[in-house]
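Enquirer: Structural data only, the sequence is not supplied:
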């Protein structure tokens with residue numbers, strides 16, 4: 001049958017048109033589903049097509065979510081996180097799982113470190129009490145339990161778990177009184193830290209399934225002490241090493257370094273080293289006709305008995321460094337990150 005010119009043109013247009021791209025599958029998290037449900041109740045009311053375009057899903061998916069909104073609201077209220085995309089509805093050992101999770105939260109509230117084998121042993125104990133004779137506490141059950149309650153494995157780090165918060169709050173309540181006679185530029189803080197100056201990064205990017213091996217960890221250590229004011233004024237840092245004049249200082253006048261260099265057999269801060277430093281700070285402030293207050297921790301090397309004319313020492317309560325020490329709340333970490341970057345730069349430029 002002959003085709004008319006108009007039909008022929010339509011056929012050619014249909015043949016040349018590219019098919020519409022297939023929409024990529026997208027799973028919304030529980031929190032996103034709750035947001036979608038809330039958006040559907042707003043005025044002016046959005047259509048299902050508009051909701052689908054906003055969240056990148058189809059109209060049918062929007063309709064399914066709205067039909068199950070009571071279920072999703074309950075899941076959101078019951079679960080500890082809204083980032084999960086799928087949830088188990090029921091479990092053969094639901095009572096045991098809930099009992100173990102209750103025990104888990106109580107133990108972590110006391111900062112008790114827990115591992116998989118400990119949880120499995122405790123689960124077997126609860127199974128015996130509940131007369132669940134067929135419960136095995138397998139690795140598969142443990143993975144399922146951790147997924148159900150959003151439990152992940154973390155490295156225990158820092159000392160903040162051992163801090164008495166009442167002591168911290170009492171000190172903070174008195175701090176305004178302690179600094180009322182000083183301007184912000186006259187409020188100083190000092191703190192020392194260990195620096196493994198030859199250590200390489202202990203983490204690396206690598207292809208999956210490839211072995212990540214390293215050599216021995218370099219343990220040569222320096223002690224570095226920083227001191228700065230609330231307004232950012234920095235005093236010259238002090239670095240304590242083992243040698244009075246290391247080989248790298250050959251033909252270099254140590255007094256002209258950008259740091260104060262001190263040494264002892266263990267490269268640690270000692271009371272004599274601290275007294276020498278704090279007296280030099282007092283001389284500098286006396287020449288500048290300034291009176292400052294210096295906050296520092298209760299280390300044994302920090303003498304409590306010394307009386308200075310232009311520097312008032314204010315000691316932090318014991319075991320509160322992780323909460324009250326300003327230099328320990330990001331400043332020292334930033335220094336070490338920059339030092340590590342400059343330390344490894346020559347090695348990757350050569351290779």
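Expert: Happy to help now that I have it. The model shown is predicted, which means the values in this text are computed figures rather than measured ones.
Enquirer: Residue 261 belongs to a helix?
Expert: No. Per DSSP: H, G, I helix; E, B strand; the rest coil, residue 261 lies outside any helix segment and is strand.
Enquirer: Spatially, what comes nearest to it if we skip its sequence neighbours?
Expert: The spatially closest residue to residue 261, leaving aside those adjacent along the chain, is residue 254, at 5.0 Å (CB to CB, 6 or more residues apart in numbering). (Glycine included, C-beta is placed from N, CA and C.)
Enquirer: What separation is there between the one you found and residue 237?
Expert: 14 Å (CB to CB, to the nearest Å).
Enquirer: again with residue 172
Expert: Relative to residue 237, residue 172 is positioned 27 Å away (CB to CB).
Enquirer: Looking at these two, which one has more neighbours?
Expert: The neighbour count for residue 172 versus residue 237, taken as other CB atoms under 10 Å, is higher for residue 237 (16 against 12).
Enquirer: Quick check: the more buried one touching residue 262?
Expert: No. Contact criterion CB atoms under 8 Å: residue 237 and residue 262 do not qualify, at 11.2 Å.
Enquirer: Show me the domain layout of this protein.
Expert: Per automatic domain parsing, the domain ranges recorded for the chain read 25-87, 94-148, 162-198+218-350.
Enquirer: Kindly reformat those domains as TSV containing mean pLDDT.
Expert: Shown next, in TSV, are the domains of the chain (pLDDT from 0 to 100):
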stretch	mean pLDDT
domain 25-87	80
domain 94-148	86
domain 162-198+218-350	89
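Enquirer: ok now do residue 220, which residues does it touch?
Expert: Contact analysis of residue 220 by CB atoms under 8 Å, 6 or more residues apart in numbering lists 196, 197, 198.
Enquirer: One more: residue 325?
Expert: Neighbouring residues of residue 325 by CB under 8 Å, 6+ apart: 189, 191, 297, 316.
Enquirer: again with residue 151
Expert: Residue 151 touches 104, 145, counting by CB under 8 Å, 6+ apart.
Enquirer: switch the cut-off to 7 Å
Expert: Listed by CB atoms under 7 Å, 6 or more residues apart in numbering, residue 151 has no contact partners.
Enquirer: same question, residue 321
Expert: Neighbouring residues of residue 321 by CB under 7 Å, 6+ apart: 297, 328.
Enquirer: and the gap between it and residue 299?
Expert: Counting by CB to CB - residue 321 and residue 299 are separated by 9 Å.
Enquirer: repeat for residue 58
Expert: Distance, residue 58 to residue 299, by CB to CB: 63 Å.
Enquirer: Likewise for residue 262?
Expert: Distance of residue 262 to residue 299, computed by CB to CB: 16 Å.
Enquirer: Between those two, which has more neighbouring residues?
Expert: Taking neighbours as other CB under 10 Å, residue 262 and residue 299 compare with residue 262 leading, 21 against 14.
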